[in-house]
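1. mind folding the following:
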Amino acid sequence: MKKVAIIILTCFVSFLVSQNPPDIVWTQNYEVGFESAAKTLLKTPDGGYVILTGGSDSSFLDQATLIKLDSNGSEEWRQAYGGAYETNVSDVILMNDENYLILRNSDTDNNGDLEAILTKVDADGNVYWEQFYGIADDIKMTDLQQTNDGGFILCGTQNDLSFLLKLDENGNEIWNHPYFFYDAFSIAKSIIQTTDQNYLVVGYKENEYGFYYSYIMKVDADGYYQWSNDYSSSSILQNLEDVVAVEDGCFIAVGAKDNSSNDTLDGWIKKFNDNGDVLWDVTIGGENVERFRKIKYTDNGYYLLGDIEYYNPGLSRDIWTVKVDYEGAIEWEMIYDECNYDIGNDLMISNDGFAFLFTADWNGIGNVIWLVMCEPVTGIEYSILSHEITKMTNHPNPFNPSTSVDFSIHYNSNVELVIFNIKGQKIKTLVQNEFAKGSHSIIWDGDDENNKPVSSGIYFYKLYLNGKTEAVKKCLLLK
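-> So this is what the prediction gives:
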């Protein structure tokens, strides 16, 4: 095994790094058949994780594989789904009912065209139902999100056009729309639902000259086009891969963009508002090929995962994680080198750690999936996981004997507010009811489920909307 190397980069920027990357706590690797590839990393309700991967079985048929891990990364179980001559895995989500929904694309009839397949499985990986889409067309779906109505939205490409697909809670089609008819090729890479219940999409298009340029598009709740911006005038090779909503009503997208000075790619970060107006645009790179693939948003900045490809002295690739502030300025960078060719897949930030998932080419013999868990990132009190709340605070803080937890929600929701101690043990459920959209306040009297006072110390209050974690913050009880 190649020795792990962690480096704080300073060559990309002209200022000193103001923070240090989090230290590594543990690493684990998982073999998933021939030519395996990781895709998605999720935190599970029991404190463990699941990984979605793809690979081939002993008959060289491609499969999607879901691997369940405990909190230390040890494997608890794995389940494989499908079996085709070509399969690529796209995404897995934890649904509101705490089951999983897996998205893959397969050539099920071996005719050279892909179909999209959704598989709903329970907490042990057993199949509830499976649905197929695009049987008569060449379709590849890249991103999957559960929507506020309990259904799902998917994005990708169909017959070389960007394509959106809206489904109900059972995977039945409600509508579909293709976009960008006058380009040689286009694909939607990432989609989110906005606070006005519409959808925001990022992706890229290819023009008649073979140049790639990125776009941002907004469509309404029924998929009808509202507006789009493309960036064909700024460069000729670019792609946006991921987008998140941030607390000020704006959005951040990441990807890669060509560097005109040395014919390479740089990591690309773009912030824009709900009208598509660009607020700032940052590239991070040097003499090599740098790409960002994933972004996570927290209350102290943005965390990005990608990789760096080197051509001198030979072809190799390392994992690249970057922390930037709210203006896109670098606070720290980290390179992780496991094998000769490492490709970043997914990034996770939770209260118990900072983790990234990647695929490593095991010295040309085959691929191995790696999960690296780091210590919690300092300075984060909570993570905003979607754009469904406008705020969550408590006052007073510190407090004695009681504090008020205030939050605002954008639509009627089932709300659960739970208190945890610093060890992650549940102390008390404050509320578990249906709440109307708007602002609400809940009092915690510093007691447990048995109404007994708790001791002084740090506590966390976690807000769930419709069974999904939305935000976590901490408070301090002083006696």
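
2. export only the CA atoms of the helix or strand containing Ala38, formatted as PDB.
-> Take DSSP states H and E as the rule and Ala38 turns out to sit in strand 34-43. Presented in PDB, the C-alpha positions along strand 34-43 are these (Å, rounded to 0.1, in the frame of the first residue of the first chain):
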ATOM      1  CA  PHE A  34     -13.900  -5.900 -10.700                       C
ATOM      2  CA  GLU A  35     -13.600  -2.300 -11.700                       C
ATOM      3  CA  SER A  36     -15.500  -1.100  -8.600                       C
ATOM      4  CA  ALA A  37     -16.400   2.600  -8.200                       C
ATOM      5  CA  ALA A  38     -17.700   4.500  -5.200                       C
ATOM      6  CA  LYS A  39     -20.500   7.000  -5.600                       C
ATOM      7  CA  THR A  40     -22.400   8.200  -2.500                       C
ATOM      8  CA  LEU A  41     -21.700   8.300   1.300                       C
ATOM      9  CA  LEU A  42     -24.600   8.700   3.800                       C
ATOM     10  CA  LYS A  43     -24.900   9.000   7.600                       C
END
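
3. next, the buried residues of it.
-> Within strand 34-43, the residues that count as buried by 16 or more other CB atoms under 10 Å are 36-43. From N, CA and C alone the C-beta is placed, and that goes for glycine too.

4. what residues does that strand touch?
-> 49-56, 60, 65, 88-94, 100, 343, 345-348, 350, 355-359, 366-371 (CB atoms under 8 Å, 6 or more residues apart in numbering).

5. ok, Asn412 - contacts?
-> With CB under 8 Å, 6+ apart, Asn412 has these contacts: 434-437.

6. rerun at 7 Å
-> 434, 436-437 (CB atoms under 7 Å, 6 or more residues apart in numbering).

7. now Asp448
-> Asp448 neighbours (CB under 7 Å, 6+ apart): 427-428, 454.

8. do that again at 10 Å, thanks
-> By CB atoms under 10 Å, 6 or more residues apart in numbering, the residues touching Asp448 are 419, 421, 426-428, 454.

9. inside strands: which ones of those?
-> Secondary structure assignment (DSSP state E) places 419, 421, 426-428 from those within strands.

10. tell me which two of these sit farthest apart.
-> The span of the ones in strands among the contacts of Asp448, defined through CB to CB, is set by Asn421 and Lys428 at 10.2 Å.

11. tell me, what's touching these two both at once?
-> 448, 454, 459.

12. the stretch 201-350 of the chain: strands as residue ranges?
-> Chain-ordered strands for the stretch 201-350 of the chain, with DSSP state E, counting those that start in this stretch as the definition, fall at 212-219, 225-230, 238-245, 251-259, 264-272, 278-284, 289-298, 301-310, 316-324, 330-337, 341-350.

13. take those and lay them out in a markdown table including mean neighbour count and mean pLDDT.
-> Listed next are the strands of the stretch 201-350 of the chain as a markdown table, based on neighbours: other CB atoms under 10 Å; pLDDT from 0 to 100:
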| stretch | mean neighbour count | mean pLDDT |
| --- | --- | --- |
| strand 212-219 | 22 | 94 |
| strand 225-230 | 14 | 92 |
| strand 238-245 | 22 | 92 |
| strand 251-259 | 24 | 92 |
| strand 264-272 | 23 | 93 |
| strand 278-284 | 16 | 93 |
| strand 289-298 | 23 | 92 |
| strand 301-310 | 22 | 92 |
| strand 316-324 | 23 | 93 |
| strand 330-337 | 20 | 92 |
| strand 341-350 | 21 | 90 |
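
14. so which of those strands comes closest to Trp77?
-> strand 341-350 (19.8 Å).

15. tilt between whichever helix or strand comes after that closest one and strand 301-310?
-> Later in the chain than strand 341-350, the nearest helix or strand by DSSP H and E is strand 353-361. When axes from the mean of the first three to the mean of the last three CA atoms, to 10 degrees is applied, the directions of strand 353-361 and strand 301-310 differ by 20 degrees.

16. report the backbone C-alpha coordinates of strand 353-361 in PDB.
-> Only the C-alpha atoms of strand 353-361 are listed here, as PDB (Å, rounded to 0.1, in the frame of the first residue of the first chain):
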ATOM      1  CA  GLY A 353     -16.700  13.800  11.900                       C
ATOM      2  CA  PHE A 354     -15.600  15.000   8.500                       C
ATOM      3  CA  ALA A 355     -15.400  12.100   6.000                       C
ATOM      4  CA  PHE A 356     -14.700  11.600   2.300                       C
ATOM      5  CA  LEU A 357     -15.200   8.700   0.000                       C
ATOM      6  CA  PHE A 358     -13.000   7.800  -3.000                       C
ATOM      7  CA  THR A 359     -12.100   5.200  -5.600                       C
ATOM      8  CA  ALA A 360      -8.500   4.100  -5.700                       C
ATOM      9  CA  ASP A 361      -6.800   2.200  -8.600                       C
END
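
17. mean confidence score for the helix or strand following it?
-> Of the helices and strands lying after strand 353-361 in sequence (DSSP H and E), the nearest is strand 367-374. For strand 367-374, the mean pLDDT works out to 91.

18. for strand 367-374, buried residues please.
-> Those would be 367-374, for strand 367-374 by 16+ other CB under 10 Å.

19. just checking: what are the partner strands of the helix or strand encompassing Asn433?
-> Assigned by DSSP H and E, Asn433 belongs to strand 426-435. As defined by DSSP bridges, the strand partners of strand 426-435 come to strand 413-421 (antiparallel).

20. who does Thr321 bridge with?
-> Beta bridges link Thr321 to Leu305, Met334 when assigned by DSSP bridges.

21. that one reaches Tyr303, doesn't it?
-> Yes: counting by CB atoms under 10 Å, Tyr303 is a contact partner of Thr321 at 7.0 Å.

22. which neighbours do these two share?
-> The contact sets of Thr321 and Tyr303 overlap at 294, 347, 354, 356 (CB under 10 Å, 6+ apart).

23. name the nearest residue to the third one, ignoring sequence neighbours.
-> What that stands for is Phe354. Leaving out its chain neighbours, the residue that sits closest to Phe354 by CB to CB, 6 or more residues apart in numbering is Cys374, at 4.3 Å.

24. ok, now which ones touch that neighbour?
-> 6, 21-27, 321, 334, 336, 349, 353-356.

25. export the shared contacts of Thr321 and Tyr303 to JSON lines and append columns for distance to Ala136.
-> JSON lines is the format used below for the shared contacts of Thr321 and Tyr303 (distance: CB to CB, whole Å):
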{"residue": "Lys294", "distance to Ala136": "33"}
{"residue": "Leu347", "distance to Ala136": "36"}
{"residue": "Phe354", "distance to Ala136": "44"}
{"residue": "Phe356", "distance to Ala136": "38"}
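
26. in TSV, list the strands of the stretch 201-350 of the chain along with distance to Phe181.
-> Compiled in TSV, the strands of the stretch 201-350 of the chain are given as follows (distance: least, CB to CB, whole Å):
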stretch	distance to Phe181
strand 212-219	14
strand 225-230	11
strand 238-245	20
strand 251-259	23
strand 264-272	24
strand 278-284	25
strand 289-298	28
strand 301-310	31
strand 316-324	35
strand 330-337	40
strand 341-350	32
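
27. no further queries at this time; thank you.
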